[in-house]
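Enquirer: Take this sequence and fold it.
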Amino acid sequence: MRTARIRAGLPQDRLGVLIGLDEGCSSARISRYETGTHEPPFETAKNLAAALGIPAAYFYCVSDELADIILESHCLSVEELVSVLAWIRDLKQPK
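Expert: Now for the predicted structure:
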């Protein structure tokens, strides 16, 4: 989450306020989410994703590579996504 926040150019306190957290505790709460001390409820994760302009699935990736794929693909058109999906399926086929 830290990477996405920094990429969006938002300090922790501003991000917290954008998703409706009290200004007095927003920075600390976002810090706890970023360090993994606390996991945000799914609704909060959706709000964070919306504020950062990324899909919520980004937060639940098991690897940095998958997270990068999600970030790179979320702005593609449906036609482009279909092409990417076909390419991925082709990669999985035995050679």
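Enquirer: For the residue lying closest to His74 once chain neighbours are set aside, which residues are in contact?
Expert: Taking Cβ to Cβ, 6 or more residues apart in numbering, and ignoring the residues beside it in sequence, His74 has Pro55 as its nearest neighbour in space, at 4.8 Å. Where C-beta positions appear, they are placed from N, C-alpha and C, glycine not excepted. Contacts of Pro55 were listed using Cβ atoms under 8 Å, 6 or more residues apart in numbering, and they are Ala49, Ile70, His74.
Enquirer: Tell me how many other residues surround the last one.
Expert: The burial metric for His74, expressed as a neighbour count using other Cβ atoms under 10 Å, is 14.
Enquirer: which is the next helix or strand following the host helix or strand of Ile6?
Expert: Taking DSSP states H and E as the definition, Ile6 sits inside helix 2-8. Sequence-wise, the next helix or strand downstream of helix 2-8 (DSSP H and E) is helix 12-18.
Enquirer: Alpha carbons of that following helix, as PDB, please.
Expert: Output in PDB follows, covering the C-alpha atoms of helix 12-18 (Å, rounded to 0.1, in the frame of the first residue of the first chain):
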ATOM      1  CA  GLN A  12      -0.500   9.200   5.100                       C
ATOM      2  CA  ASP A  13      -2.600  11.800   6.900                       C
ATOM      3  CA  ARG A  14      -4.200  13.100   3.600                       C
ATOM      4  CA  LEU A  15      -5.000   9.600   2.400                       C
ATOM      5  CA  GLY A  16      -6.700   8.800   5.700                       C
ATOM      6  CA  VAL A  17      -8.800  12.000   5.500                       C
ATOM      7  CA  LEU A  18      -9.700  11.200   1.900                       C
END
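Enquirer: Please list the outside residues in contact with it.
Expert: Contacts with helix 12-18, where a contact means Cβ under 8 Å, 6+ apart, come from 5, 8, 10, 23, 25-27, 29-31, 34, 48, 51-52.
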